[in-house]
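structure, please.
(chains A and B)
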Amino acid sequence: MAVKLSVQNVFKIFGDRTDEALKLLTSGKSKEDILNTTGATVGVQDASFDVDEGEIFVVMGLSGSGKSTLVRMLNGLIPPTSGNIMIDGLDVANCSQEQLRGIRREKITMVFQHFALFPHWTVAENAAYGLKVKGAKPAERREKALKALDQVGLTPWADSLPAELSGGMQQRVGLARGLANGPEVLLMDEPFGALDPLIRREMQDELMVLQKTLKKTIIFITHDLNEALLLGDKIAIMKDGRFVQVGTAQEIVSNPADDYVAAFVADIDRGRVFTADDVSHAPETMKLGTDTAEDAMRSMEDLNRNALYVVDGDDQIAGVVTYQDLAAATLDNGAPNPVLEDVMLTEYPSVDADVQLNDLYGAASGGLPIAVTDDKDRLVGVVEPEAVFAQLSGNGDDAETPTETDTSGKERAHV
Amino acid sequence: MFSPGDLLIIPFDDWVNDFVRGWLVPNFRPLFRAAQVPITVVLNGLDNFFNAVPMLITTAAFALAAWKWAGRGIAIFTLLGFAFIDMIGLWPQTMTTLAMIITSVLFCAVIGIPVGILSARSNLMWKIVRPVLDIMQTIPSFVYLVPIVMLFGVGMAPGIIATIIFALPPIIRLTNLGIRNVRGDLIEAAQAFGSTGWQMLIDLQIPLALRTIMAGLNQTLMLALSMVVITALIGAGGLGLVVNTGLGRLDVGGATAGGIGIVILAIVLDRITQGLGEKNPANTVSLRSTLFNIFRFKGSSPAAEVKKAA
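As a prediction, this is how the structure comes out:
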């Protein structure tokens, strides 16, 4: 995917003696030292990252970590002290006011923590604000605003005033205002931070649904790691103005860069971070019709498994055979080679690769390995029940189960 | 006992005399004379207009405006009050005073609102404007009456100029305050969507500051009314002249009549402009609460009275 937004070595220092402070900073002085010697406050230090088109890049940090400063530099609300912020070949950090206005009108819009809706305008007028600024005709503004409001499910409230709406609805207006412009990049500064937890969950889910169709490039700021892990294709964790770690949710949870990240990760809901794909391994299967019960038992002994999936000629799952059943069948019949078809169970748990571990508990408690299937119902992986629980308890990689798809896990340092 | 005055006597009054008489007046008198032309034009136009329109029509117009913006009680008060003024024979003077007030407030708004906006947008501007306003508000008006007479002569227009100087500060202060008080995150949102300074001013800052600006306009109006009597000293007419004449002849009745006229005009104008500044016009104020409100004078908004009345 193409890189949409590229941030290179961006620094932000607040205060009068920024040059001096910048020099001290590059020579390795700490934030506190610089504050003491020059009186300048370091907001963001040496942030570099690329955001691909259609990706949600989440910046997570506590208050004072510089995340809000960072996002405001991306659209020039706060000019960076040094560095480059490239969007489509234009440098936001070094361009004229005129160019900056153009970028804000055409390419980047923003959603604010406290909504920042204009209280004297109706919902539709608020949603159309970006278009009004661009000089669009009233009819066109109204039409596009209504379309954006429809996306967030607020069409019936188009002519209400913001004050008549609940917090969640107001933020939907904020989102509609950001979308009505048809921007390429959407900056979201703790958009759900001011909402109560239930509404927040609802909005997160809605944003994910919306993003599936919109495929906007989104920079999302949050102080909630669970939110970051849920939404982010890539996540940056910020502390004291510096990126501590950048990676996918799985990488951050399974391989925290330092104690700071590890302390955060300790509290998160691992069941929502990892998917079936993360704990599955490549399937060893028996071929229906060709492999015998004896072959199956030998394979299980070799692989140290209790059960194996049986597939037909088209890679479709026919069923699952367990060691117990095979052994029983062999003994009972006295016949040397019972066919797999007679012994196998045709009731088996099956999930998609992107199902969260949270939703695997039921299937895993059955004791049978869980089949991971693709959209054509072909077997692409198998999840051992123990692997689910091992991953949830944070020991996923120490477990004996080979996790061939989870490469990051192998580099994991012990916490 | 020693005091600094033993060492040096500063002839400050002579310096000011030299500055005003020796330099300002000879060099700039024509300029100042020309500057009062627009004021004279507007004032004469309004004065002729209000004195030409029949009393009943003016009263009806004011009563309707009062009904629309300030409630039924004030409308009735306007009718009775204006009738009373007419019956004590001061209608033409009241209309002249009204023309003077409207002219002063108009010029105050034309000067004050832009200055207030500029002060709100630039801290440097506010640093310069603020002490000037402080001086304007604290210096006794008699002090600048003399140079005004020297520069502009006597008459109506110099009176208006003195009134403008006296009444200008509140509208500048409150415009500045209103614009500065527009929430920072809204300003940020406007910037983030790429609006220009003008767009932000028109779409966001002025609409949201409007109530505060209207409060400033109301204060300016009240100050202008209180200046009416003083400007009569330098030849402005109207009700102020009636009061002054009464004062000069120790004619208690005449002075009181003029004073009552000013008070009635003040109440009507104050309530109408206050109502304009409120979001929801208080249409349901009862006469009882209106009278109550009148005697409480300024300070409480009609909206608060509505709650009490209900």
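
measure the residue positioned nearest the centre of chain A to A:Ala249 for me?
By C-alpha atoms, centre = their mean, chain A has its centre lying nearest to A:Gly232, at 2.3 Å. To A:Ala249, A:Gly232 is 6 Å away according to C-beta to C-beta, to the nearest Å. Any C-beta I mention is one placed from the backbone N, CA and C, and that applies to glycine too.

A:Leu357 too?
From A:Leu357 across to A:Ala249, the span is 12 Å (C-beta to C-beta).

ditto for B:Pro38
70 Å.

the more surrounded of those two?
Neighbours per residue (other C-beta atoms under 10 Å in any protein chain shown) separate B:Pro38 from A:Ala249, with A:Ala249 holding more: 23 against 13.

and that one, what does it touch?
Contact analysis of A:Ala249 by C-beta atoms under 8 Å, 6 or more residues apart in numbering or on different chains lists A:Ala228, A:Leu229, A:Leu230, A:Gly232, A:Ile235, A:Val273.

surely the fifth one is within a strand?
Which is A:Ile235. Yes - assignment of A:Ile235 by DSSP: H, G, I helix; E, B strand; the rest coil places it within a strand.

check it and give its pLDDT.
If you check A:Ile235, the pLDDT there is 91.

likewise the last one?
What the model reports as pLDDT for A:Val273 is 79.

number of residues surrounding the closest residue to the residue nearest to the centre of chain A other than its chain neighbours?
Residue nearest to A:Gly232 in three dimensions, not counting chain neighbours: A:Val58, with 3.4 Å by C-beta to C-beta, 6 or more residues apart in numbering or on different chains. As a burial measure, A:Val58 scores 26 neighbours (other C-beta under 10 Å).

can you give me phi and psi for A:Val58?
Torsion angles at A:Val58 (phi, psi; degrees, to the nearest 10) stand at phi -100, psi 130.

now A:Tyr309
phi -90, psi 150.

where do the helices sit along the stretch 51-200 of chain B?
B:55-70, B:72-87, B:91-121, B:123-138, B:141-152, B:156-180, B:184-192, B:197-200 (DSSP state H, counting those that start in this stretch).

quick one: the residue nearest to A:Gly232 and A:Leu230 touch, right?
No - if you go by C-beta atoms under 8 Å, A:Val58 and A:Leu230 don't touch, sitting 9.0 Å apart.

so which bits of the stretch 101-250 of chain A are right by chain B?
A:101-105, A:108-110, A:112, A:114, A:116-120, A:129-130, A:132-134, A:177, A:181, A:187 (C-beta under 8 Å from any C-beta of the partner chain).

re the thing from before, CSV for the contacts of A:Ala249, including secondary structure?
Shown next, in CSV, are these (three-state DSSP):
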residue, secondary structure
A:Ala228, helix
A:Leu229, helix
A:Leu230, helix
A:Gly232, coil
A:Ile235, strand
A:Val273, helix
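
for those residues, which PyMOL command selects only the ones that are buried?
For the buried members of the contacts of A:Ala249, the matching PyMOL selection, counting by 16 or more other C-beta atoms under 10 Å in any protein chain shown, is:
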select buried, chain A and resi 228+229+230+232+235+273
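
JSON lines for the contacts of A:Ala249, including distance to A:Gly168?
As requested, these are arranged in JSON lines below (distance: C-beta to C-beta, whole Å):
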{"residue": "A:Ala228", "distance to A:Gly168": "20"}
{"residue": "A:Leu229", "distance to A:Gly168": "22"}
{"residue": "A:Leu230", "distance to A:Gly168": "17"}
{"residue": "A:Gly232", "distance to A:Gly168": "21"}
{"residue": "A:Ile235", "distance to A:Gly168": "24"}
{"residue": "A:Val273", "distance to A:Gly168": "25"}
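
tell me which of the contacts of A:Ala249 is nearest to B:Asp251?
A:Ala228 (83.0 Å; C-beta to C-beta).

for that closest one, give me its contacts.
Contacts of A:Ala228 (C-beta under 8 Å, 6+ apart): A:Val58, A:Met60, A:Phe220, A:Thr222, A:Ile235, A:Ile237, A:Ala249.

quick check, the fifth one in contact with A:Gly247.
Translated: A:Ile235. Yes - using C-beta under 8 Å, A:Ile235 makes contact with A:Gly247 at a distance of 6.5 Å.

is it fair to say A:Val310 lies in a helix?
No - A:Val310 is assigned strand when assessed by three-state DSSP, not a helix.

and it, how close does it get to A:Gln170?
55 Å.

related to what we said a few turns ago, what sits in contact with each of A:Leu357 and A:Ala249?
A:Val273.

nearest spatial neighbour of the residue in the stretch 151-300 of chain A positioned nearest to chain B, chain-adjacent residues omitted?
Closest residue of the stretch 151-300 of chain A to chain B, C-beta to the nearest C-beta: A:Asn181 (7.4 Å). Setting aside the residues directly before and after it, A:Asn181 is nearest to A:Gly130 in space (C-beta to C-beta, 6+ apart), at 3.7 Å.

residues near that neighbour, how many?
Quick note: A:Gly130 (other C-beta under 10 Å) scores 30 neighbours.
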